[in-house]
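Asks: what follows is a predicted protein model with its sequence.
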Amino acid sequence: MSANRSASTASLGQEALSRLVEVFESIDTDRSGHIDESEFKAACEKLSLSLTDDEIKQCFTWDQNGDGRLDLDEYVTFVSDRLRRTFEEIDTDMTGTIDLNELRHVMRRLGTARQLTDREVRSMFAEVDANRSGEIDFEEFSNFFAHLPDPSLVSVAQQWAQGVGIDVGADFAPPPLPPPSLPLYRFLLAGGLGGVVSRTLTAPLERIKLLAQTQRLQHGAGVLSTLSRMWRLEGVRGLFAGNGVNVARVFPYAALICIAYSNLCKMFPAEIVDGRLESLWRMGAASVAGTFATLLTHPLDVVRARLTVAGQFGQAASARRQGIMQTFSSLFDAGGFRGLYRGLGPTLMAIIPFLAVQQSSYDYLKKRASRRDMKPSVTLFVSCGIVAGTTAQTVVYPLDVIRRLMQVEQKEVQPVRAASTARLAKEIVRKQGARGLYAGLHATYLKVVPAAALSLLVRDACLGRLQS
């Protein structure tokens with residue numbers, strides 16, 4: 001080890017030094033013993049760290065021998081110095097430790113205050129405070145962030161607050177809050193396009209789910225056999241029945257719920273000491289936003305359900321399909337405005353339990369991952385999000401079945417009340433048993449992973465986060 005490196009890394013613990021060597025070896029993909037700019041950039045993108053080309057070039061000013069690359073000594077010296085500088089930027093009172101208030105302050109200064117709740121900040125702090133002393137010293141800080149290729153203040157804040165909002169094909173959850181530095185229109189456009197692509201490419205599975213929920217499939221029919229029959233009898237149009245109006249619903253729903261949710265979150269008290277109270281505030285804001293967006297876009301969801309399951313499965317599509325406006329008209333003629341809001345009751349009843357289960361599951365999974373020393377990454381957050389979203393959908397699935405039956409039934413429209421929901425649930429159980437409340441759940445599970453992956457891929461491509 002060179003004298004220069006020894007001086008720069010004297011304050012690092014052995015754990016951090018060992019991790020730096022491991023990180024260097026993982027970035028050095030060609031095993032040349034040096035890191036070039038392309039390898040460095042790829043490592044940053046893998047962790048979703050947004051560095052410009054100029055910022056990457058700045059990191060390579062630590063190239064002491066002028067060969068345009070960083071060897072192990074140069075890399076360790078660079079990261080050690082960057083960790084120390086970043087730690088001192090956060091430690092504003094210069095006590096040698098970071099406390100909770102200093103973390104809150106730096107997140108607010110970097111523009112992330114509107115994204116993070118008090119509970120989330122406390123959770124972030126606890127992840128790094130390994131000895132639970134209530135303060136973070138430099139050894140704890142460097143041990144936690146030594147895996148970052150460039151542990152600058154911005155990169156550390158990005159990684160510390162990292163979280164990925166994904167579309168798991170559910171209609172109940174609000175999207176993540178847009179980063180304050182990103183124009184709202186761009187965030188909505190990227191999220192909307194991601195939703196459109198994911199919903200379109202998983203539309204055949206969605207149709208199978210709706211056909212099963214509304215008792216239009218033979219008992220025990222498999223996904224592959226149903227897709228094959230759908231293709232054979234109805235062609236491509238049958239696979240994507242109802243997807244046009246579903247796509248038309250994605251953009252206004254996402255925009256309405258995101259705008260409402262963002263503005264409601266701004267009304268939170270400036271300081272909430274009790275993390276559980278903060279969770280209730282956020283859940284309340286999400287529930288109100290979800291209710292608002294649902295009330296304004298529910299007629300499109302009813303039309304989507306009608307078009308997706310119209311007629312008898314296998315009947316010629318041209319003989320049984322109405323257009324969007326025709327379906328709107330027939331629903332209104334049959335029940336007035338009430339006809340356009342079939343199934344609204346169970347839809348609204350599902351919003352709060354969905355949010356509660358999804359968020360608690362996500363928090364639990366992240367905490368378990370942290371205890372197993374799994375470092376924050378996009379893969380980790382996406383995996384936690386998929387499992388949490390799937391769990392939440394499973395819990396509220398009976399309400400999803402009930403609302404779909406209400407939306408497509410031809411009987412007189414019932415008032416929106418809990419009694420009609422309970423009555424229909426009893427009728428389903430009487431005729432089909434408890435499994436009838438979970439009809440089509442297998443198709444829901446099959447579409448979760450591709451829906452999440454496609455949504456995230458398209459959204460990040462629109463935001464310029466993917467490698468060109």
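Replies: Structure's in. What do you need?

Asks: do you have the helices of the stretch 151-300 of the chain handy? List them.
Replies: According to DSSP state H, counting those that start in this stretch, the stretch 151-300 of the chain carries its helices in the segments 153-160, 184-201, 203-213, 223-239, 243-265, 275-309.

Asks: so which bits of stretch 207-220 are buried?
Replies: 207, 208, 209, 210, 211, 212, 213, 214, 215, 216, 217 (16 or more other C-beta atoms under 10 Å). Just so you know, the C-beta spots here come from the backbone N, C-alpha and C atoms, and that holds for glycine as well.

Asks: cool, and stretch 339-346?
Replies: 339, 340, 341, 342, 343, 344, 345, 346.

Asks: quick check: which element contains the last one?
Replies: This points to residue 346. Take DSSP states H and E as the rule and residue 346 turns out to sit in helix 344-371.

Asks: how about CSV for the buried residues of stretch 207-220, with pLDDT and distance to residue 129 added?
Replies: What follows is those, written out as CSV (pLDDT from 0 to 100; distance: C-beta to C-beta, whole Å):
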residue, pLDDT, distance to residue 129
207, 89, 49
208, 90, 48
209, 90, 44
210, 88, 48
211, 88, 52
212, 87, 48
213, 87, 47
214, 84, 52
215, 79, 54
216, 79, 55
217, 76, 53
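
Asks: from the residues you listed, which is closest to residue 134?
Replies: Taking C-beta to C-beta as the measure, residue 134 lies nearest residue 209 of these, at 48.6 Å.

Asks: tell me the pLDDT at residue 74?
Replies: Each residue has a pLDDT score; the one for residue 74 is 88.

Asks: is it true that it touches residue 64?
Replies: Yes. Residue 74 lies in contact with residue 64 (C-beta atoms under 8 Å); the separation is 5.7 Å.

Asks: looking at the two, which is more packed in?
Replies: Legend: neighbour count by other C-beta atoms under 10 Å for residue 74 and residue 64, higher for residue 74 (22 against 14).

Asks: element containing that one, please.
Replies: According to DSSP H and E, residue 74 maps onto helix 72-90.

Asks: packing partners of that helix?
Replies: Contacts defined by 3 or more C-beta pairs under 8 Å, 6 or more residues apart in numbering; DSSP states H and E place helix 72-90 against helix 3-8, helix 14-27, helix 100-109, helix 138-145, helix 153-160.

Asks: by pLDDT, give me the weakest of the buried residues of stretch 339-346.
Replies: At the low end of pLDDT for these is residue 339, which has 83.

Asks: coming back round to it: distance to residue 154 added to the buried residues of stretch 339-346, as CSV?
Replies: Formatted as CSV, the buried residues of stretch 339-346 follow (distance: C-beta to C-beta, whole Å):
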residue, distance to residue 154
339, 53
340, 48
341, 46
342, 49
343, 46
344, 44
345, 47
346, 45
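
Asks: what's the most buried one of the helices of the stretch 151-300 of the chain?
Replies: helix 203-213 (a mean of 25; mean count of other C-beta atoms under 10 Å).

Asks: relative to helix 275-309, how tilted is that one?
Replies: 90 degrees (axes from the mean of the first three to the mean of the last three C-alpha atoms, to 10 degrees).

Asks: what packs against helix 203-213?
Replies: Under the contact criterion of 3+ C-beta pairs under 8 Å, 6+ apart, helix 203-213 touches helix 223-239, helix 243-265, helix 275-309, helix 378-408, helix 441-462.

Asks: again, only using 7 Å
Replies: Helix 203-213 sits against helix 223-239, helix 275-309, helix 378-408, helix 441-462, with contacts defined as 3 or more C-beta pairs under 7 Å, 6 or more residues apart in numbering; DSSP states H and E.

Asks: what residues sit buried inside the last one?
Replies: If you call a residue buried by 16+ other C-beta under 10 Å, then helix 441-462 has these buried ones: 441, 443-444, 447-449, 451-452, 454-456, 458-460, 462.

Asks: looking at those, which gets the smallest pLDDT?
Replies: The member of the buried residues of helix 441-462 with the lowest pLDDT is residue 460, at 66.

Asks: about what we covered before: distance to residue 46 added to the buried residues of stretch 207-220, as CSV?
Replies: Putting those into CSV (distance: C-beta to C-beta, whole Å) gives the following:
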residue, distance to residue 46
207, 36
208, 35
209, 34
210, 38
211, 40
212, 39
213, 39
214, 43
215, 46
216, 45
217, 42
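
Asks: from those residues, which single one is nearest residue 367?
Replies: For the buried residues of stretch 207-220, the closest approach to residue 367 (C-beta to C-beta) belongs to residue 209, at 31.6 Å.

Asks: the closest one and residue 444 touch, don't they?
Replies: Yes. With contact defined as C-beta atoms under 7 Å, residue 209 reaches residue 444; the gap is 5.5 Å.

Asks: related to what we said a few turns ago, the buried residues of stretch 207-220: which two are farthest apart?
Replies: 207 and 215 (14.4 Å).

Asks: gap between residue 324 and residue 402?
Replies: 24 Å (C-beta to C-beta, to the nearest Å).

Asks: tell me which of the two has more neighbours.
Replies: Neighbour count, other C-beta under 10 Å: between residue 324 and residue 402, residue 402 has more, with 26 against 16.
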